[in-house]
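Trainee: Here is the input, now give the coordinates:
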Amino acid sequence: MENNENVLRRKLEMVCGVPLFWSIVEEWAQVESFQARPDDLLISTYPKSGTTWISEIVDMIYNNGDTEKCKRDAIYVRVPFMELIIPGISNGTEKLAKTSSPRLVKTHLPVQLLPMSFWENGCKMIYVARNAKDVAVSFYHFDLMNQLHPEPGTWEQYVEKYMAGRVAYGSWYDHVKGWWEKRKDHPILYLLYEDMKEDPKREIRKVMHFLGKDLKEEVLDRIVYHTSFEMMKENPATNYTMVPNDVMDQSISPFMRKGIAGDWKNHFTVAQNETFNEDYERKMAGTTLQFRTEI
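Mentor: Down below sits the predicted model:
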């Protein structure tokens, strides 16, 4: 990588009030004009909400449970990250343009920033949402090791920034609510991370039906096993160990850290939890979207 110091740990920049990695903002015209295809499947999440997990599940369903096919390359090559453009390292839009159909496309964009071509082409979409507290903890550890994002500061500072939406991709609250509302008029399968942890086979079957596939029970069982946290954590095609250490330093925190519901209890103080709950009630008032913070 050329001139690491020019690329890494830079402050986030804004697109329509949403903070994003600086070079995504510089190349926003490329993202905005991205041409979706009618048979694209979009996988959308707020960061640290099970993106790699659902991506591996979908790739396995597309490949009828063939585990060897799913080890053909790293997950971020099999499911390109559309808006991620890093000079000299990655360009999601260019990668996808060269990918043959049917394409799997990953995004973290809030619903209002998604390129229009996805709506115009009626693309199917899967959205996974995870409870706000566990996302905060996971995102903090991710930002500690991910050199592409600004230094996260202390946990106390980070919780404040997170509640205010001053982290990459902006407000968790706006993100999950925006996609929840959009499912009313577009083919979006909206899944909850906690439901996936509770009964992965049930939720994988929902994905299978949504994709119009009919796999045998033994194939579903294989997918459940192959996409368990324990298996994915040891799989070089899913655990991001193929990413250079100077971009993601897994000695600080592994990319696949715990993958559980309720880890927030190990990080939030009583006072932080009370403040967070008050803020949460205010920001989530009026939505039918409900989350569990443990299972």
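
Trainee: C-alpha only now, for contacts and for neighbours.
Mentor: Will do.

Trainee: so what does the helix or strand E156 falls within touch, helix or strand wise?
Mentor: Taking DSSP states H and E as the definition, E156 sits inside helix 155-163. Judged by 3 or more CA pairs under 8 Å, 6 or more residues apart in numbering; DSSP states H and E, helix 155-163 is in contact with helix 132-145.

Trainee: where does the stretch 101-250 of the chain dip in pLDDT?
Mentor: Applying pLDDT under 70 to the stretch 101-250 of the chain picks out no residues at all.

Trainee: for it, what spans make up the helices?
Mentor: In the stretch 101-250 of the chain, the helices defined using DSSP state H, counting those that start in this stretch lie at 116-120, 132-145, 155-163, 172-182, 193-198, 200-210, 217-226, 229-234.

Trainee: Could you dump those into JSON lines and include distance to K71 and mean neighbour count?
Mentor: Output for those, formatted as JSON lines (distance: least, CA to CA, whole Å; neighbours: other CA atoms under 10 Å):
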{"stretch": "helix 116-120", "distance to K71": "28", "mean neighbour count": "15"}
{"stretch": "helix 132-145", "distance to K71": "24", "mean neighbour count": "22"}
{"stretch": "helix 155-163", "distance to K71": "34", "mean neighbour count": "17"}
{"stretch": "helix 172-182", "distance to K71": "31", "mean neighbour count": "18"}
{"stretch": "helix 193-198", "distance to K71": "22", "mean neighbour count": "18"}
{"stretch": "helix 200-210", "distance to K71": "19", "mean neighbour count": "17"}
{"stretch": "helix 217-226", "distance to K71": "11", "mean neighbour count": "17"}
{"stretch": "helix 229-234", "distance to K71": "11", "mean neighbour count": "16"}
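
Trainee: Can you say which of the ones you listed is nearest to G65?
Mentor: Closest of the helices of the stretch 101-250 of the chain to G65 is helix 217-226, at 5.6 Å (criterion: CA to CA).

Trainee: returning to what we had before: for M248, which of the helices of the stretch 101-250 of the chain is the nearest?
Mentor: M248 lies closest, by CA to CA, to one member of these: helix 132-145, at 5.4 Å.
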